[in-house]
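Student: Got a predicted model here, sequence first, then my questions.
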Amino acid sequence: MHMADALLSPAVGMTLWAGTSAVGGYASKKLKERIDDRMIPLMGVLGAFIFAAQMINFTIPGTGSSGHLGGGMILAILLGPHAAFLVMASVLTVQALFFADGGLLALGCNIWNLGVYPCYLVYPLIYKTWVGESKNPGRILVASLVSGVTALQLGAFSVVMETLMSGKSELSFSAFVLMMQPIHLAIGIVEGFVTAGVINYVRSARPEILESIAVARPLGAEVSLKKVMMTFAVLVIITGGALSWFASTHPDGLEWSIEKVTGKGELREAERGIARMLRRIQEKTAFLPDYGFKPEGNDSKKTEAAAAWPGIKAGTSVSGIVGAVVVLGMIVLIGIGVRSSRNRDA
Amino acid sequence: MTFDEKYFDIGRLDRLSYRDTFVHRLDPRAKVIATMLFLFTVISFPKYEVIALAPFFLYPVLMMTIGEIPVRFMIRKIIVVSPFAVFIGIFNPLLDTRTVAVIFGVSLSAGWISFLSILMKFALTISAALLLIATTSFPGVCHALRRLGLPALFVSQLLFLYRYLFVLMEEAMRIIRAREMRSFGSRGAGMKMFVRLLGILFLRTVDRAERIYYAMLSRGFQGDIPTLKRSHIALSDLLFLSVVITCLGVFRFFPLTEGIGRLAQELF
């Protein structure tokens, strides 16, 4: 469920990057206030643990397909939200760099989807309020299941929204949601079971470890409900505002998806409202040229695009295809040339 | 992929960064900035743009050939991560069926063009990101990010993760081998055993973190990981960056491909 660069528009990517960096800055600041030095290696090694654990596959009962661990919830329960968020962000960064899972521009989205929701929303609001200091395994299991499912549903829904806002995919909102949510329901349940299993196992095998981590973890981890809600409200307003402003300069995908959505579904009213609001914002910002830095030559193409499909004129498209073939051929030749001259040197 | 394959795969990408070529010698900061600009430019093209994307392949090809990165290895890595983008993109031809061209009697729909655009952007962005690591090394990227203003805490987190990634993967590999030796068929592959394995791996991890912490304390750890390697921006770095920026600008704003095509048509 990693978001990919190729499906992303710059506006959406940058907005999510901005949101993620804001949360990351907040987490580092909070951690630095009261950090025990011992946490630094612990966080790093636990990141490596999540990474290694993700590489172990297991069969999901009844289906025969294999799953692996996301890890956000385990980290949040063990380390508290701030440290867990940073560990999760670092795991996703390494994944983006080494496996190219997603990509570097989509990294902001991925950290948001898989880090912010479990650490800052689900953990303080669901897991912590239910479990608290309780050591009851049953309670931990139920809370982990609900948290795992909620976190993944939120993440999956965000992937849908980010893709649709970017407007590179033709999938309709309802089809996309129907595809993503059930899959991630299953994954969330598995995640919940694994999370509870590990926490309960560690608690029964070596209870002192959890306690020592709890002592080392910064006191700032005591997040108050009110504060979280406030922060999220502010973030939602900021990202919403930024997104709609950006989206209005690049309307095709968003308007298209909203148009599709308004056709059917319960979200009708809400989406209509948003659509109307966006259109109004768009009217107000209409003097902004698309992208703001487009060359003059492309303007005619753009206006045509609004009317129908970007009408590529026969002449330009033929030379375009010829040009693409020539360019790609030249690039391959350059590559071969560099390589063979290298080989001769060596 | 089995666990062992995944492990050696990461190791291989890491080892590629040990080479010593012009690209490897460039300052990590210059490469990080160039990669981000490249990604941003590629992504900024509208949905139906295919032709103007062609010149951008020059960047990965040059990085790959000058940096002596094996092409087949990169292509395989790109294909391995492609499923999500392909899966989402393949709906475009199915849903967007307006015909835009007829080539040799076969009508081409707009969806295929946007799908092709997604695939090209995918190949470009993924290869650029992988090449950054393959030519810079992970610690190099981390220190560059530190110099570019990322919080020190996060960067040391990344460095720790990288340092212990291989250690813990070996630990996990031992556990998995032990499981495979003792179990037949699909026995022991279920979730219950997985949870136990994770629990054990976790306990070992925490114990290791404790030992690391004491070892670091005795060596004077004060919460930050300094680097001894002094990096400075050389003339070649500035040259590299300015060439990259100029090329990106030209490729983005001028219909270069069409111009070359027209030229080729006139020639022949």
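Tutor: Cool, got the structure. Numbers count the residues shown, from 1 in each chain, chains lettered A, B, ... in the order given.

Student: Give me the neighbour count for the closest residue to chain A within the stretch 51-200 of chain B.
Tutor: The stretch 51-200 of chain B approaches chain A most closely through B:F160 (2.2 Å), counting by Cβ to the nearest Cβ. C-betas here are computed from N, CA, C, even on glycine. Applying other Cβ atoms under 10 Å in any protein chain shown, we find 24 residues neighbouring B:F160.

Student: Equivalent analysis for B:S107, please.
Tutor: B:S107: 12 neighbours (other Cβ under 10 Å).

Student: That one should be in a strand, yeah?
Tutor: Yes: membership of B:S107 in a strand is supported by DSSP: H, G, I helix; E, B strand; the rest coil.

Student: quick one: low-confidence parts of chain B?
Tutor: Regions of chain B meeting the criterion pLDDT under 70 cover residues B:1-2, B:100-106, B:185-186, B:188-189, B:223-231.

Student: my bad, chain A
Tutor: If you take pLDDT under 70 as the line, chain A has these spans: A:1, A:34-35, A:57-68, A:215-318, A:320, A:345-346.

Student: Helices of that one, start to end?
Tutor: With DSSP state H as the criterion, chain A has helices at A:10-33, A:39-54, A:72-79, A:81-98, A:107-111, A:128-131, A:137-166, A:173-205, A:207-216, A:225-249, A:252-263, A:268-284, A:299-307, A:314-345.

Student: can those go into CSV with extra columns for distance to chain B?
Tutor: Converted to CSV, the helices of chain A look like this (distance: least, Cβ to the nearest Cβ, whole Å):
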stretch, distance to chain B
helix A:10-33, 4
helix A:39-54, 2
helix A:72-79, 8
helix A:81-98, 5
helix A:107-111, 9
helix A:128-131, 18
helix A:137-166, 6
helix A:173-205, 3
helix A:207-216, 5
helix A:225-249, 12
helix A:252-263, 7
helix A:268-284, 17
helix A:299-307, 8
helix A:314-345, 3
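
Student: I'd like those helices written out as JSON lines, with mean neighbour count added.
Tutor: Formatted as JSON lines, the helices of chain A follow (neighbours: other Cβ atoms under 10 Å in any protein chain shown):
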{"stretch": "helix A:10-33", "mean neighbour count": "20"}
{"stretch": "helix A:39-54", "mean neighbour count": "26"}
{"stretch": "helix A:72-79", "mean neighbour count": "28"}
{"stretch": "helix A:81-98", "mean neighbour count": "27"}
{"stretch": "helix A:107-111", "mean neighbour count": "27"}
{"stretch": "helix A:128-131", "mean neighbour count": "16"}
{"stretch": "helix A:137-166", "mean neighbour count": "22"}
{"stretch": "helix A:173-205", "mean neighbour count": "19"}
{"stretch": "helix A:207-216", "mean neighbour count": "14"}
{"stretch": "helix A:225-249", "mean neighbour count": "15"}
{"stretch": "helix A:252-263", "mean neighbour count": "19"}
{"stretch": "helix A:268-284", "mean neighbour count": "13"}
{"stretch": "helix A:299-307", "mean neighbour count": "13"}
{"stretch": "helix A:314-345", "mean neighbour count": "15"}
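
Student: Domain parsing of chain A, as residue ranges.
Tutor: A:5-223, A:313-346 (automatic domain parsing).

Student: follow-up on the earlier one: just tell me which of the helices of chain A ends up closest to B:H232.
Tutor: helix A:81-98 (23.9 Å; Cβ to Cβ).

Student: Kindly format the C-alpha coordinates of that closest one as CSV.
Tutor: The C-alpha coordinates for helix A:81-98 follow below in CSV (Å, rounded to 0.1, in the frame of the first residue of the first chain):
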residue,chain,number,x,y,z
PRO,A,81,4.1,8.3,20.0
HIS,A,82,7.0,10.7,19.4
ALA,A,83,9.8,8.1,19.4
ALA,A,84,7.6,5.7,17.5
PHE,A,85,6.9,8.2,14.8
LEU,A,86,10.6,8.9,14.3
VAL,A,87,11.4,5.2,14.1
MET,A,88,8.6,4.6,11.7
ALA,A,89,9.7,7.6,9.5
SER,A,90,13.3,6.2,9.5
VAL,A,91,12.1,2.7,8.5
LEU,A,92,10.1,4.1,5.6
THR,A,93,13.0,6.3,4.5
VAL,A,94,15.3,3.3,4.4
GLN,A,95,12.7,1.4,2.5
ALA,A,96,12.2,4.2,0.0
LEU,A,97,16.0,4.4,-0.5
PHE,A,98,16.9,0.7,-0.6
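
Student: how big is the angle separating that helix from helix A:207-216?
Tutor: 100 degrees (axes from the mean of the first three to the mean of the last three Cα atoms, to 10 degrees).

Student: Contacts for stretch A:123-143, please.
Tutor: A:73, A:76-77, A:81, A:84, A:144, A:146-147, A:150, A:192-193, A:196, A:199-200, A:203, A:223, A:225, A:228 (Cβ atoms under 8 Å, 6 or more residues apart in numbering or on different chains).

Student: coming back round to it: out of the domains of chain A, which gets nearest to B:C247?
Tutor: Nearest of the domains of chain A (Cβ to Cβ): domain A:313-346, 12.1 Å.

Student: ok, is stretch B:115-131 in contact with chain A or not?
Tutor: Yes: applying Cβ under 8 Å from any Cβ of the partner chain, one finds stretch B:115-131 in contact with chain A at B:117-119, B:121-122, B:125-126, B:128-130.

Student: now for those residues, which pair is the farthest apart?
Tutor: Most distant of the residues of stretch B:115-131 next to chain A, by Cβ to Cβ, are B:S117 and B:L130, 20.5 Å apart.

Student: related to what we said a few turns ago, out of the domains of chain A, which gets nearest to B:L16?
Tutor: Nearest of those (Cβ to Cβ): domain A:5-223, 11.4 Å.

Student: Could I get the buried residue list for stretch B:108-118?
Tutor: B:109-118 (16 or more other Cβ atoms under 10 Å in any protein chain shown).

Student: Tell me which residues are up against that stretch.
Tutor: A:6-7, A:168-170, A:309, B:45, B:47-50, B:53, B:85, B:88-90, B:92-102.

Student: ok, now how distant is the residue of the stretch 51-200 of chain B closest to chain A from B:Y213?
Tutor: 11 Å (Cβ to Cβ, to the nearest Å).

Student: Pull up the overlap in contacts between these two.
Tutor: A:P41.

Student: Helix or strand: which one has B:D4?
Tutor: In this structure, B:D4 sits in helix B:3-16 according to DSSP states H and E.

Student: Thank you, goodbye.
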